[in-house]
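J.: One predicted model, sequence on top.
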Amino acid sequence: MIRRLLLLLPFLVFVGLAFFLYRGLSLDPSARESALWGQEFPSFTLSTLEEPGAEVDESLLRGRMSLVNVWASWCPTCKEEMPQLLALSERGVQMVGINYKDARDLGRQFLEEFGKPFEVNIFDPAGDLGFELGVYGVPETFLVDANGIVRYKHVGYITPAQVDEVMAEVEKWH
């Protein structure tokens, strides 16, 4: 009897692991809540993408509602998202970009080709600020209120249909 149970043990372990794998793969990562909601935007001091000698810090995000978008030239969905970001910038939202784990010249070329919706682009080549934000893939977008508090996070690219949803969040926290 014990011998039969020992033969059955690998099968039971396999079924258990298969269940947890299936469960994990069925979760929607974009539905995951951000640990930063209601928290201050992380402190940082980084150069801008356009001017290596010009440094900015988190004070850039105070005094006005800001939409902060984490993007990269190597990200194919960032290219798809650019028209929506341009549309949001035309609606008067302060747009701040974070060029994530990228080369400065490639980031600049990307903006020349796909548009420049951002008033300021923070250059984050090592991904340190992205790490502090909990970014696990680009693009990701954060809404930061005038006091520097994160009020909204959107994982993945903003589709054309979601532009109004994002604007509703801007107006909600404005």
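T.: Sure, I can see it. Numbers count the residues shown, from 1 in each chain.
J.: For the most centrally placed residue in the chain, which non-adjacent residue is closest in space?
T.: The residue lying closest to the centre of the chain (CA atoms, centre = their mean) is residue 140, at 1.9 Å. Leaving out its chain neighbours, the residue that sits closest to residue 140 by CB to CB, 6 or more residues apart in numbering is residue 70, at 4.7 Å. In short, each C-beta sits where N, CA and C put it, glycine included.
J.: what do you get for residue 78?
T.: Nearest residue to residue 78, sequence neighbours excluded (CB to CB, 6+ apart): residue 71, at 4.4 Å.
J.: ok, what's across the strand from the one you found?
T.: Judged by DSSP bridges, the bridge partners of residue 71 are residue 99.
J.: what comes up buried for stretch 69-79?
T.: 69-73, 75, 78 (16 or more other CB atoms under 10 Å).
J.: can I get these in a markdown table with pLDDT and distance to residue 134?
T.: Shown next, in a markdown table, are the buried residues of stretch 69-79 (pLDDT from 0 to 100; distance: CB to CB, whole Å):
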| residue | pLDDT | distance to residue 134 |
| --- | --- | --- |
| 69 | 98 | 15 |
| 70 | 98 | 10 |
| 71 | 98 | 16 |
| 72 | 98 | 16 |
| 73 | 98 | 22 |
| 75 | 97 | 17 |
| 78 | 97 | 18 |
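J.: ok, so of these, who is nearest residue 144?
T.: residue 69 (11.3 Å; CB to CB).
J.: A strand includes the closest one, no?
T.: Yes. Counting by DSSP: H, G, I helix; E, B strand; the rest coil, one finds residue 69 located in a strand.
J.: Next, count neighbours for the residue lying closest to residue 49 once chain neighbours are set aside.
T.: Of all residues not flanking residue 49 in the chain, residue 121 sits nearest, at 3.7 Å (CB to CB, 6+ apart). Residues lying near residue 121 (other CB atoms under 10 Å) number 25.
J.: Residue 121: what secondary structure?
T.: strand.
J.: these two touch, right, it and residue 110?
T.: No. Using CB atoms under 8 Å, residue 121 makes no contact with residue 110, being 10.1 Å away.
J.: Check which residues of stretch 103-122 are buried.
T.: For stretch 103-122, the neighbour count (16+ other CB under 10 Å) marks 104, 107-108, 110-111, 114, 116-118, 120-122 as buried.
J.: ah, wrong one, I meant stretch 152-159
T.: For stretch 152-159, a neighbour-count test (16+ other CB under 10 Å) marks 152-155, 157-158 as buried.
J.: Looking at these, which are in strands?
T.: Cross-referencing the buried residues of stretch 152-159 against strands under DSSP state E gives 152-155.
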